[in-house]
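[1] sequence below, structure please.
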Amino acid sequence: MATAFVVASLFVVLVGGEFHPHRTVVDLRRMNVTFGKHTIDPYKPNITIGFLSSFKELGKLICGAISLAVDMVNADSGLLPTHNLKFIAYDSGEPNTAITIKKMTQMKEEGVVAFIGPDHSCVSEALVAAAWNMPMITYKCSDSKVSEKTIFPTFARTLPPSSKVSKSLISLLKHFTWDQLVLLVSDNPSEKQIAEALIHLAQKNDIAILETFYLPGDYLTKDNTTLKEIVMKTYKRTRVYVLIADAYSLVDFVRFMHVQGLLEGGEYVVIALEKEETYNPDKEYQFIRREFEAAWLVADPVPFRSVLLVCPGAPIHPDYSLFQDLVVNYSISEPFNIPFHPVIKVEVPIYAGLVYDAVMIYASALTQALADNISEYNGSAVFQYIKSRPYESILGFSVMIDDQGDAEGNYTVMALVQDDDEPPFQRMKPVARFNYQGSNGLPLLRLERPINWISGAPPRSEPQCGFTGEKCDTKPEWKMVSIYIVCCVISIVAGMFIFRHYRYEQKLACLLWKVEMKDLILLRSDHDGSFQKFRNNLYEMENSKIESDVPSLMDDPVTGRTQSKVGFYKGNAVYIYHVYKKSIDLTRSLRKEMIQIREMRHENINPFIGACVDPPNICILTLFSTRGSLQDVLKNSDLHLDTMFIASLVADLVKGMIYIHDSEIVSHGNLKSSNCIVDNRWMLKITDFGLHEFKANQDLPQEVQETRAKAIMWRAPELMKTLNPSSRGTQKGDVYSFGVILFEILGRQGPWGLPEPSLKYIEDRVCNPQHYGGELFRPPVHKLDCPDYIRQCMEECWHENPDDRPDFKFIKVKLRPLHMGLNANIFDNMISIMEKYACNLESVVKDRTNQLLEEKKKTENLLLRMLPKPVAEQLLRGEKVEAESFDTVTIYFSDIVGFTSLSAVSTPLQVVDLLNDLYTCFDSIIGNYDVYKVETIGDAYMVVSGLPIRNGNRHAGEIASLALRLRQAIETFEIRHRPNERLSLRIGINSGPCVAGVVGLKMPRYCLFGDTVNTASRMESTGEAMKIHVSEACKKVLDKLGGYILEERGLVQIKGKGEMRTYWLLGKEVYDPLFPPKQSPPSSHLSRCLTNKRPFSDFPSENSVELASSLTNSSNTNDSCLSLFHECKKNAKNETIRANGYRSAPVINFSELYPPSNFII
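    Predicted coordinates:
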């Protein structure tokens, strides 16, 4: 008994104060009472029952049910009103051991009068209980031996034996009037027991079991050969299969029947049995696929619509989950104290409900026995109140106990139906249940939802006329006589043509059309769609001697697809049409096709050369045309087609189609512009017709299918509406296709004009004109500039009714005015066309030459922008550019101070705009100097002078002057997105030797190498904002040049170099030192002025001028400075001045070098 009190919803069996035997299930939601340690009436005698279970396995999950059931009996005044019910629980140990009987003996000595259990083997235990005349009600043992009441008169059970399902199977068969079947049984003892019971019941109910087959007990997929043999042996003698085996064999059995096409019409049904004790809705998938098989591997669940599955029913009581919670609560209480995990939910098996039912059944039977003055120790007498009676199970359904004390069970029929939660999917769901009407009769099948039969109705037990037609009346004999007479006449007529047929077969057997692969020389294709490459390769092959090492059509080891579409066969260039088949069966009809197509000869029909039928090189060979297809010609915008060209092409097309329609081939079936080729004489020839059987049933790759799907643009409406149109087509369909080609020739904008509609749109508009107001959808002829009779001809070819379309002979007459310009002499007409083509080709060549020169000029200009001019010219001449060493150059490096911080507060687009504006300004300035911009990396700017053209020592002066000019330019540079801020430039220059050369091929760069480059970079990185940091080497060169003002900075620690003496470049004298005067002047006024630092605020100007040197000289010098700058300011409007006192000094652009905004030197 439980010691802890747990509040939950319980129930009692009270109906108007009247006791109802065997009624153990009531509404749990009706009453709320307290359970736990029930108060035992001390004045009532006790009745003790024993509970046997294996507590190492199942017992610890269901033991709470015995406590719950005993408390419920004691709480119910209608059950054992004069007694108290108690229980003793013992661990029965391992199955098939003597421990259980030992425990039973101990229980008997302790006063137990009945046993609930055990849960595994029960034959020996039931025999001992019978010997003691004590009732035993088990909840798990399904052994059929204990059903024999002459040996086990006190045994009953709430779990039905395995053979009980046979009654439900027979009831299902009788419901659908299936009176004959084939039985498949697994070779296991339990399945054999079911089969034996089924065979016995089938005989009693007039159901014929035609044959019984036994499957391996441990069925594996490799054993499906046995299933296949069973199906092939029996499918002509039965429509009903009953399968008593596992789910794997069911899946394989149904799939094989589906492969054989037996389940498509819904004529067969497979009834299977699930052995589990209860239906598990979480395992619905296992009935249509294997347990570990991925759901996407199941190609089609529809065949399982022919499957009915009989399995135990799931609990349906609305408060069953509450019952499970109560069982768990009792299990963790006294006397069991099962230590369940406090978080993990315990799954209570269905056997707990069967234990509960067993206690309630015994309590109800004993109540009635005591009322009839029968002692609780008379087990056989108490058993009489248990058998042949129904009871309401805690599982939610009514269960019948038969005369043998066995529960009939509750079974469900499952079928493949649409999932309520996921409507697109189908799952195995319950569709019917069985209701038991009596103790020994068959249950009644009750459908709960319609079954989705394939044919709309259940399959018949046999065909209407029987399996061999024996149940239908035979045809009258006179019809058989008539058939016989007709056969004789046909035989006589056929005999008349035997000789002719023999001769024709001999002709077919010659195989003159057959091509050996060894005789075919293939021309490789690059798969780039370039028809011009085919022509070039063809020309090369014509001038070469390729006779061996011929590649295969399938020599691609990756794709296995043909590597060539053009080749040579016996000296002729041929087009190779690959047929995607693994093999070809040379039937008579196929050989006849070959003879027909080979004998077709016409000037407007492309000749058939032959075919290769040796796998994998199955292909068709036709004569190759160097000008390509009509579609290629029309797409060539350089080719001008005048009226004569058009008339010639149309006339050739009409004549070729008249010949095809008058031949045995009857129609083309795939007429389009790509199937009309143009030879080197500008004669149109029709190709890709006939050989329908040879080309049928191909396994086309996806890319080929997509290409061939475009043929719908030329297809007639009646063929487009057909689900699987014949490849042979119709003559009226060819007329429609001709109209589209005629539109294509005249418009030269594709078969439907521009913009070209999609294939799906064309198909929808052409096939469904009623959806668009009844207007027919055709190519836009109103856009064509052509005579009315041609437009009228196209419209007649496009009639919706095929019978209203003209034939090609009428079209030839209709288009006769178009041919008026053609010469009657074919040769003269061909010469005229060739002359016009030559003139057109000459004009095209001239235009292409001009375009080539223009593109060449653009390419040269682009290269000159990327590389120095001498280097670029050397590359353009095709010469190799060798790396060159330079004795002395000057290198400039600069970057923007605070650029990282500025970038952080700017968007990427703003940073790009900033750098673009800045470098555009810089690039416009460096064009005035003898320098070369090497590269820009982010905010870094690199310039060099003295290479690739050497300029003596001028390189240092050019770089120094450029540095001063760039520093001045940065002062007035405005940032677009931050106009109130100014940039600061940090500059470093260095002179010395270096090596320069072109690096790279796809994007060549002119790069500098050497320590001079590194030192120049270090000059920049160790400099200061708005200052020009100069190395000592560069300073020495500038001193030789003269005219530059430098200030010593001192020793600076340079990475990789140690301490170096460096200088600041402060400014430059007004005269240009690169062009010195004839005689060296004394210290000029400006030079002396630059040694002072004095603001000229007294100047009558809107701008101020500040000198950059220290004040060292006298005041009279300042007066000279004042005079010089007065002159500078006065002449600033004219933008140019000359250095005072030097006739040879060059003209200096004052406004450029010294902007009036801020004069800094």
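
[2] after the longest strand anywhere in the chain comes which helix or strand?
    When the chain is parsed with DSSP state E, its longest strand is strand 985-999. Counting by DSSP states H and E, the element after strand 985-999 in chain order, helix or strand, is strand 1005-1009.

[3] and the following helix or strand past that next one, what's buried?
    Counting by DSSP H and E, the next helix or strand C-terminal to strand 1005-1009 is helix 1011-1021. Residues Thr1012, Val1013, Asn1014, Thr1015, Ala1016, Ser1017, Arg1018, Met1019, Glu1020 are the ones in helix 1011-1021 that count as buried (16 or more other CB atoms under 10 Å). (C-beta placed from N, C-alpha, C; glycine too.)

[4] could you check how far the residue nearest to the fourth one when sequence neighbours are not counted is from Ser1031?
    I take that to be Thr1015. Counting by CB to CB, 6 or more residues apart in numbering, Thr1015 lies nearest to Asn990, which is 4.6 Å off, once chain neighbours are set aside. Using CB to CB, to the nearest Å, we find Asn990 at a distance of 4 Å from Ser1031.

[5] and for the two, which residues touch both?
    Thr1015, Ala1016, Met1019 (CB atoms under 8 Å, 6 or more residues apart in numbering).

[6] closest to Leu1065 among those residues?
    Nearest to Leu1065 among the shared contacts of Asn990 and Ser1031: Met1019, at 10.8 Å, using CB to CB.

[7] wait, Asp179 sits on Asp206?
    Yes: with contact defined as CB atoms under 8 Å, Asp179 reaches Asp206; the gap is 6.6 Å.

[8] quick one: which of these two has more around it?
    Regarding Asp179 and Asp206, a neighbour count based on other CB atoms under 10 Å identifies Asp179 as having more, with 15 against 9.

[9] which ones are touching the more buried one?
    Asp179 touches Leu173, Asp206, Ile207, Ala208, Ser461, counting by CB under 8 Å, 6+ apart.

[10] could you find the closest non-adjacent residue to the first one?
    Nearest residue to Leu173 in three dimensions, chain neighbours excluded: Ile207, at 5.7 Å (CB to CB, 6+ apart).

[11] the one you found reaches Leu172, doesn't it?
    No: counting by CB under 8 Å, Ile207 stays clear of Leu172, with 10.8 Å between them.

[12] what's near enough to touch Lys167?
    Leu201, Glu408, Leu442, Pro443.

[13] same check on Tyr362?
    Here Tyr362 is in contact with Ile49, Ala114, Ile116, Pro135, Ile137, Val382, Ile386 (CB under 8 Å, 6+ apart).

[14] okay, the second one and Pro81: tell me how far apart.
    Ala114 is 18 Å from Pro81, where distance means CB to CB.

[15] ok, these two, which is more surrounded?
    More crowded of Ala114 and Pro81, by other CB under 10 Å: Ala114, with 26 against 12.

[16] past the helix or strand containing that one, which element shows up next along the chain?
    Under the criterion DSSP H and E, the helix or strand holding Ala114 is strand 112-116. Remark: after strand 112-116, the chain's next helix or strand is helix 123-132, criterion DSSP H and E.

[17] which parts of the stretch 301-450 of the chain are strands?
    307-312, 389-392, 398-401, 411-418, 426-435, 444-447 (DSSP state E, counting those that start in this stretch).

[18] just the C-alphas of the strand holding Ala114, formatted as CSV.
    Output of strand 112-116 as CSV, limited to C-alpha atoms (Å, rounded to 0.1, in the frame of the first residue of the first chain):
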residue,chain,number,x,y,z
VAL,A,112,-3.0,-15.4,-0.9
VAL,A,113,-6.2,-16.7,-2.6
ALA,A,114,-5.5,-15.6,-6.3
PHE,A,115,-2.5,-14.6,-8.5
ILE,A,116,-2.2,-11.7,-10.8
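
[19] tell me which residues touch the residue lying closest to Lys635 once chain neighbours are set aside, please.
    Nearest residue to Lys635, sequence neighbours excluded (CB to CB, 6+ apart): Arg748, at 8.0 Å. Going by CB under 8 Å, 6+ apart, Arg748 touches Leu634, Lys635, Leu641.

[20] picking up where we left off before, and of the buried residues of helix 1011-1021, the nearest to Ala432?
    Out of the buried residues of helix 1011-1021, the member with the shortest distance to Ala432 (by CB to CB) is Ser1017, at 89.6 Å.

[21] could you measure from that closest one over to Lys44?
    Taking CB to CB, one finds Ser1017 at 108 Å from Lys44.

[22] also Val654?
    115 Å.

[23] more neighbours: these two, which one.
    More crowded of Val654 and Lys44, by other CB under 10 Å: Val654, with 22 against 14.

[24] my guess is Val123 contacts Val146. True?
    Yes: between Val123 and Val146 there is a contact at 6.0 Å, judged by CB under 8 Å.

[25] more neighbours, these two?
    Remark: of Val123 and Val146, Val146 carries more neighbours, 25 against 14, as counted by other CB under 10 Å.

[26] so the more buried one belongs to a strand, correct?
    No: counting by DSSP: H, G, I helix; E, B strand; the rest coil, one finds Val146 to be helix, located in no strand.

[27] burial count for the residue nearest to Thr1015?
    Asn990, neighbours per other CB under 10 Å, totals 31.

[28] then Leu742?
    Neighbours of Leu742 using other CB under 10 Å come to 27.

[29] equivalent analysis for Gly396, please.
    18.

[30] excluding its backbone neighbours, what's nearest it?
    His317 (3.1 Å).

[31] I'd like to know how far that neighbour sits from Pro160.
    18 Å.
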